[in-house]
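A.B. asks: Take a look and give me a structure for this.
(chains A and B)
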Amino acid sequence: MVGDLSLKFKSDIMVGMDEAKKKERYFPKEIEEKWQDKWQKENLYKFRGDSKKEKYYNLVELPYPSGDLHLGHWFAFTPADAHARYKRMSGFNVFFPNGFDAFGLPAENAAIKRGVHPQDWTMKNIETMKKQFSTMGTMIDWSHEVITCLPEYYRWNQWIFIKMFEKGLAYRGKALSNWCPVDQTVLANEHIENGKCWRCGSEVVQKEVEQWFLGITKYAESLIWPEEPKVDWPKSVREGQNNWIGRSEGMMLKFKISKKDGQSKLNMDEITVFTTRPDTTDGATFVVVAPEHPFAQQIGLENVKQYIKEAQKKTEMERKEEKVKTGVFSGEYAVNPVTGKEIPIWIADYVLATYGTGAIMAVPFADERDKDFAEKFDLPIEKTDFEAKPDGEKVVQYHLRDWSISRQRYWGTPVPMIHCEKCGIVPVPYEDLPVELPYNVDYTPKGKPPLATDEEWLNTKCPKCEGEAKRDAETLDTFFDSAWYYYRYVSSHYERGPFSEDEVRALMPVDVYFGGSEHTLGHTLYARFFTKFFKDLGLIGFDEFAKKRVQHGVILGPDGNRMSKSRGNVVNPDDIVKEYGTDAVRLYLCFMMPYEATAPWSTDAISGIYRFLHRVWDLRNKVEDGAKMDKNDLVFMNQTIKKVGDDLNSLEFNTAVSSLMTWLNHLEAKKAITMDECYVFIKILAPFAPYMTEELREKLGYKTSIHLEKWPEYDEAYLTGDKVTFAVQINGKTRDTVEIEAEYMADEDKVSQIVKESAKVSKYLEGKDIVKTIFVKGKIINFVVKN
RNA sequence: GCCCAGGUGGCGAAAUGGUAGACGCGCAACGUUCAGAACGUUGUGCCCUUAAAAGGCAUGGGAGUUCGAAUCUCCCCCUGGGCACCA
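C.D. replies: Just a heads-up that it's a prediction; the model follows:
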């Protein structure tokens, strides 16, 4: 009996103690759920357009609604959110919207696989992801949300497309295209990986397809980045885009076809070649044309016909992979305009039909490829001194090709065009927009566009002659959707145009655009193209849509490989949030490496962050009324305020977090801290850990949100302490460090005098002549000595 | 082949002409505990040294500029990304 009683008594005390301790302990889950609700109810993150503060447009690439936020999303969004929060605390009116890039193949593929309608699949995923976003604790204002698959958005895709059509920028053309036989669609070059479809991995084939193009090449010149652009974009992006556009200056040269026998059956007199090196024309010993060139088509020789046939069988991929050059002599000759000599004309597929004129002059002396060819077919090689001056037209050529924009798929923006037998292609009148995507359509692959199977939708009246006509059954590439969505954010429900020009004037251009490097040659280039087009339409007044572009790195799996389901190395953010809480995940993502870097996720290292948060949680227990701050404490505080602020501003998140840690170490070493120290610490931690800091502030007795607080100001007078440490060097080698009163930090003579008293230093100076003294204020004194 | 970004402890990384390795992980010893976990304290680049002091060596390799170089210049090697017969 007694034993039982004492046991009961003991365990009661234990439970009581645990409860008391529990209340004081940091439990992220409870706090985070509490504040998610509260922030939402209080509309804390609502953007106020009428504010007089300076605007700051913080933009992260809009996600694709795959149905799950992965660690990559967290890495893209949470440091960007910390930046946005800092900007807001430092007095800016921050606009941080988000949306979903909701059209596209994955929805259609998933739908086909699982028998769910793409729209239902997409909208359900968006719902799930928005919940996950609220866990993330960002200050995104969802009232400006854009979902690209909704008619209120794609209506304006159609509007823009028709404007482009009117300007001759959207046109119907036929082209040999990359065709995916499984997805039954045309693919852009960017969507082919090693000759295979980026989605389904099947072999891409070449097929002549009629399709819509956007004339981005008309903007090639204005899309070229200047040496020193006015906006802050990474060099890698600027140079990557410039290489992709591939501007080269050269000359069109005419080579007369030799007709000395007077019996040529050809219906052309000359071949025009493009060269960037007209100064080598005297070294041109033969001419080569592509198999598709009109000249080649006219040659009657059997072996030539055979060669052309075989070349056309090969895909562009196969041709590019070939290492050995092939070709055939046409039997005809041309005249070198500089030397007057007759030179043979060859047909070979190392010359591309789609670049320049599809014909070149071969200068084997100066060009590696021509040299290979000349050696293989025993053609002459003649020296050039690079001084030839042929007559020709100076031209600029671009590597960039027009953008194939139409897709033979269902889940996209319908092309707003009508095909009429009498009137040809007629745009849908503006007042009839949007052309809505019908819901009940058989979207399984049939070899023709799914929309073409919906007769009711397809058949319509021609807006011009009112006769029978058919709608265009193709849909737009989703890169069209994402090329201008950030304009739509500013007035996401605007009905009189794609965007309110007033709102754009007030909020654009974007101040910082966060995203991935995979969009260097696709999305960001198209976005710049649309911006130039909008400017030409007179809708906007600037040239570049984003003042600054930052590209985040990649978080690899713990094994150092890219995360993938097949490798089984996927780290699920939801699991980590469950274990450590959102604040820890956010803080760790900021801390683990620079934003631009690529490195593996470490499951262990986040525990250090978790420990840090627990220590912050307990910090207020050290606050005492009688606590004092000495000079050193003040310097620590002011330096940290400055460092964290500067780093958040310049997106150096990792060093910002580490300086918070250093200050915490200092505060913990003190017996007691002041309320000021505790409160300032919480404030400057707030952009990284919005939940915990909000909770702590409430515990300190405040009623309003910490996220509406102003960033603390630092005091210049306390950025340096009473003493500074000088490194004392002899011939550039540090031999000692000496503490000097701060008032002498700029006084070379005084510092020199104090420093020479050091035993270590005097040992090195003994018996030597000081030839020179180098003095760096507050840091270094270096004696250059000679024996 | 061309263009871009990199190469620093056992690991993630700081330092962008001025004390290399801040901060964090990991590891070790000690404390706490019946024990473990958690937590706390101290230590932790390498070599020499019982240890300390002192010294030497170290930022992919080699040269150079400089009083002083991870940082700037040149050559070479390696890794990641992009482009690639563009005349």
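
A.B. asks: From the contact counts, what lies against the helix or strand encompassing A:R697?
C.D. replies: Element membership of A:R697, judged by DSSP states H and E, is helix A:690-699. Here helix A:690-699 touches helix A:28-42, helix A:582-591, helix A:606-619, helix A:675-685, going by 3 or more CB pairs under 8 Å, 6 or more residues apart in numbering; DSSP states H and E. All C-beta atoms are positioned from the backbone trio N, CA, C, and that covers glycine.

A.B. asks: and the shortest one, what's its mean pLDDT?
C.D. replies: When you say that, I think you mean helix A:582-591. Average pLDDT, helix A:582-591: 96.

A.B. asks: can you check stretch A:449-467 too?
C.D. replies: pLDDT averaged over stretch A:449-467 gives 93.

A.B. asks: how about it: buried residues?
C.D. replies: A:449-454, A:457-458, A:460, A:462 (16 or more other CB atoms under 10 Å).

A.B. asks: What lies in contact with that stretch?
C.D. replies: A:408-410, A:414, A:418, A:420-423, A:426-429, A:432, A:437-438, A:440-444, A:446, A:468-471, A:473-475 (CB atoms under 8 Å, 6 or more residues apart in numbering).

A.B. asks: rerun that using 6 Å as the cut-off
C.D. replies: For stretch A:449-467, the external contacting residues (CB atoms under 6 Å, 6 or more residues apart in numbering) are A:408, A:410, A:418, A:420, A:422-423, A:426, A:429, A:438, A:441-443, A:469-471, A:473-474.

A.B. asks: Generate a ChimeraX selection restricted to the buried subset of those residues.
C.D. replies: Buried residues among the contacts of stretch A:449-467 (16+ other CB under 10 Å), as a ChimeraX selection:
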select /A:408,410,418,420,426,441,443,469,470,471,473,474
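
A.B. asks: ok, and of the contacts of stretch A:449-467, which contact RNA strand B?
C.D. replies: The subset of the contacts of stretch A:449-467 within reach of RNA strand B, by CB under 7 Å from any atom of the strand, is empty.

A.B. asks: Burial check on A:D372, number of neighbours?
C.D. replies: 15 (other CB atoms under 10 Å).

A.B. asks: Alpha carbons of the helix or strand it falls within, as PDB, please.
C.D. replies: Per DSSP H and E: A:D372 is located in helix A:368-377. What follows is helix A:368-377, C-alpha atoms only, in PDB (Å, rounded to 0.1, in the frame of the first residue of the first chain):
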ATOM      1  CA  GLU A 368      38.200  23.500 -90.200                       C
ATOM      2  CA  ARG A 369      35.000  22.000 -91.600                       C
ATOM      3  CA  ASP A 370      35.800  23.000 -95.100                       C
ATOM      4  CA  LYS A 371      39.300  21.600 -94.600                       C
ATOM      5  CA  ASP A 372      37.900  18.200 -93.500                       C
ATOM      6  CA  PHE A 373      35.700  18.100 -96.600                       C
ATOM      7  CA  ALA A 374      38.500  19.200 -99.000                       C
ATOM      8  CA  GLU A 375      40.800  16.500 -97.600                       C
ATOM      9  CA  LYS A 376      38.200  13.800 -97.800                       C
ATOM     10  CA  PHE A 377      37.200  14.600-101.400                       C
END
